[in-house]
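Colleague: okay, structure incoming, though there's no sequence with it:
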């Protein structure tokens, strides 16, 4: 595939053939936006207006605080807390609760500036994926050679493919077949590995070969959620 400014990130994301390519895509965007929001964006009035209004989810508040940049986090929180004080809580105590304010608090708690930006850019990057896949050749082979597409991103890819700027109807069946195969084939591998993992706890199988099942729990969680789990579980040495 000939590289352009638009396609270079797609090549980079699909080249490693390590896990779900769309998980890598999302992780790349998340890293960029956490860096952006605790860096140059701190002094951008339009960004601050939006972050004051929308806020951040627990995951991205945590990632921002882990960046080690104390002052940007403090300034972001200072103006965001001010926004909450002015718009989402009653000015005076007493009286009946304001249902609209409570609904607004619910909306704020379920919104996130970083999540919104990631979702928007994921769709833009997928438009490039769709365009390159339709050309066939090197990128289509690279797409089909991925180890798997997790369940979360299988759903995302197919909804995006059926939406605006998605995959034309004449290509949809083939794109669905290619994408579903990457998800279903890996699911079959996981089911086999999880079953084998469970049988290894039977005393009659002590000393038998764990094969590829040792990390089956962690791989299954990653497949189902799009997230690598915290380190835990039983290894073949511990069982």
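Modeller: Nice, I can see it. Because the structure is a prediction, the values reported are computed rather than measured.
Colleague: what's the spatially most central residue of the chain in contact with, if anything?
Modeller: The centroid of the chain falls nearest to residue 26 when counting by C-alpha atoms, centre = their mean (4.6 Å). Residue 26 makes contacts with 118, 122, 153, 226, as judged by C-beta atoms under 8 Å, 6 or more residues apart in numbering. In short, each C-beta sits where N, CA and C put it, glycine included.
Colleague: what count of nearby residues applies to the residue nearest to residue 112 when sequence neighbours are not counted?
Modeller: Closest residue in space to residue 112, ignoring its immediate chain neighbours: residue 57 at 3.8 Å, by C-beta to C-beta, 6 or more residues apart in numbering. For residue 57, the neighbour count with other C-beta atoms under 10 Å is 16.
Colleague: residue 118 is in contact with residue 57, correct?
Modeller: No - using C-beta atoms under 8 Å, residue 57 is not in contact with residue 118, being 10.8 Å away.
Colleague: need the overlap of contacts for those two.
Modeller: Contacts common to residue 57 and residue 118, judged by C-beta under 8 Å, 6+ apart, are absent.
Colleague: any chance you could map the helices in the protein?
Modeller: Assigned by DSSP state H, the helices in the chain fall at 8-14, 21-37, 45-54, 58-66, 70-87, 99-109, 113-134, 137-144, 151-162, 169-199, 216-225.
Colleague: out of the ones you listed, flag the one nearest residue 210.
Modeller: Ranking the helices of the chain by distance to residue 210, with C-beta to C-beta as the measure, places helix 169-199 first at 7.4 Å.
Colleague: just the buried residues of that closest one, please?
Modeller: Buried residues in helix 169-199, counted by 16 or more other C-beta atoms under 10 Å: 175, 176, 179, 182, 183, 186, 187, 189, 190, 193, 196, 197.
Colleague: got those residues as a markdown table, with distance to residue 40 and pLDDT columns?
Modeller: Shown next, in a markdown table, are the buried residues of helix 169-199 (distance: C-beta to C-beta, whole Å; pLDDT from 0 to 100):
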| residue | distance to residue 40 | pLDDT |
| --- | --- | --- |
| 175 | 37 | 98 |
| 176 | 40 | 98 |
| 179 | 36 | 98 |
| 182 | 37 | 98 |
| 183 | 38 | 98 |
| 186 | 39 | 98 |
| 187 | 42 | 98 |
| 189 | 43 | 97 |
| 190 | 42 | 98 |
| 193 | 45 | 97 |
| 196 | 50 | 96 |
| 197 | 47 | 96 |
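Colleague: name the nearest of those relative to residue 90.
Modeller: Using C-beta to C-beta, residue 183 comes nearest to residue 90 of those, at 48.5 Å.
Colleague: can you pull the contacts of the closest residue to the closest one other than its chain neighbours?
Modeller: Excluding the flanking residues, the one nearest residue 183 by C-beta to C-beta, 6+ apart is residue 154, at 4.2 Å. Contacts for residue 154 (C-beta under 8 Å, 6+ apart) come out as 179, 180, 182, 183.
Colleague: thank you kindly, that will do.
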